[in-house]
Structure formats: structure tokens, C-alpha cells
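Student: need coordinates for the following:
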Amino acid sequence: MMMSKNLFIQVAMIAISIGIIITFVNPTFSEIGEQQDDILVYQTEQQKVSGVNNQLSSLITSLNNVASDDYRRLLTYMPDEVDTIAVARDLSLVSRQAGVLYISAVSRGVVTNANSPDNASSQDFIQPKEHMFSLNVEGTYDTVKNLFALLEQNNYPIEVQNVNVQKKGGGLLSVEIGLSVYAYENSPADQEIVF
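Tutor: Next up, the predicted model:
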């Protein structure tokens, strides 16, 4: 009788320990595993952020290491203001020189950049203002290609933002080009001017 009582107690103890493992230890291990997975994801993301921060620091360092002569040359090349009439005239002259039919040049005004700080310190580089223009021309493939080559050789920076090409009859193309012209200035946005 004593033996069966001890056997019964041992079986009961095994059943209780299995119950404790199922109800407490196993969920705790699962929770610990989930937390370890979260920690691993956090560490991975932290390494990515550190990599981006290191890259940003190196870019800032290279920006700050621009020689003052180079910065002065950039300021010389970059105009102090954009004369919308002169830009439209230049676009007309370049178009005619390229052999395309000049239709119009439209000033779309100044692009406002929400990311630019309002009060930059004197050590920061001055952010140039971007003036948008739309140039409409017609011509053959070769003359349009020549137009782009001539736009690259301008006396001030002109950047092509977008191009819309439509085929017309007789092998002609109708081309609308979105252009950006940059200048260091503090003037309010220009109104739209059509030429």
C-alpha cells in the first residue's frame, strides 16, 4: 500500500510539473523568444540608422571641405538673380540656333522648397532658388537633339526637369521641355510671364 501511495505521489508530481511547464514555462520561453526577435530587429535597424548617419556625416564633411576658391567660382557662375525676360530671350536664341521652330517660353515662377531652413547660419551654404520655365518647340529629332546639346553650353545653369514629346506629321516632333534655372537671391516668387 505504501508503494502504491508513493507511486501515486510521483505520478501526481510528474503531472503537476508537466502542467507547470505547459502553463508557465513554455509561454515564458515563447515570450522571451519574441523579445529576442524584437531585439534583433531593433539592433538591425539601429545599424542601418548608424550607417545612414555615418554617410550623412561624411557628406557634410565633404561639403564643408569644399575649397573657398571652388565655392567662389560657383557663386560667380551662379547668377544673383534670374531675369525672366533674358532667360526667355536666351531660350528663343538657342532654339533658333538649334534649328527648331520656337513656339514659346513661359516662366512658371520660383519653386518653394519646404526643406530649406529659414534662418541659415553664415557658415551654411546659401541655397539657390529654383526658377521653373517651360519651353515649347517643334523640330526634327536631330534638331531637338541639337537643342539639348546647346542648352548644356549656357552661361548659367539650366537643368532639364522633364520632357514631353509628341509626334506630328511630316517627321516633326512637338516638344515641351520643363527647365530649371538657379540663382542666389532673396526676392519673392516671380509671377507667371508668357513670351
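
Student: which parts of this protein are helices?
Tutor: For the chain, the helices defined by DSSP state H occupy 2-20, 26-64, 68-77, 84-98, 141-151.

Student: how many neighbours does the closest residue to residue 130 other than its chain neighbours have?
Tutor: Spatial nearest neighbour of residue 130, excluding adjacent residues (Cβ to Cβ, 6 or more residues apart in numbering): residue 111 at 4.2 Å. Using the backbone N, CA and C atoms, a C-beta is placed for each residue, glycine as well. Look at residue 111: counted by other Cβ atoms under 10 Å, it has 13 neighbours.

Student: re earlier: of all the helices of the chain, which one is nearest residue 134?
Tutor: Residue 134 sits nearest to helix 84-98 of all the helices of the chain, at 9.7 Å, using Cβ to Cβ.

Student: and the angle from that closest one to helix 141-151?
Tutor: 140 degrees (axes from the mean of the first three to the mean of the last three Cα atoms, to 10 degrees).

Student: which residues are in contact with helix 84-98?
Tutor: Defining contact as Cβ atoms under 8 Å, 6 or more residues apart in numbering, one finds that helix 84-98 is touched by 101-102, 105, 107, 131, 133, 135, 137, 139, 143-144, 146-147, 149-151, 154, 179, 181, 190, 193, 195.

Student: and the average pLDDT for it is what?
Tutor: Helix 84-98 shows a mean pLDDT of 91.

Student: how much space separates the closest residue to residue 98 other than its chain neighbours from residue 103?
Tutor: Spatial nearest neighbour of residue 98, excluding adjacent residues (Cβ to Cβ, 6+ apart): residue 147 at 3.8 Å. Going from residue 147 to residue 103 by Cβ to Cβ, to the nearest Å gives 12 Å.

Student: quick check: neighbours shared by these two?
Tutor: Counting by Cβ under 8 Å, 6+ apart, the residues touching both residue 147 and residue 103 are residue 137.

Student: out of those two, which sits in the busier spot?
Tutor: residue 147 (23 against 14).
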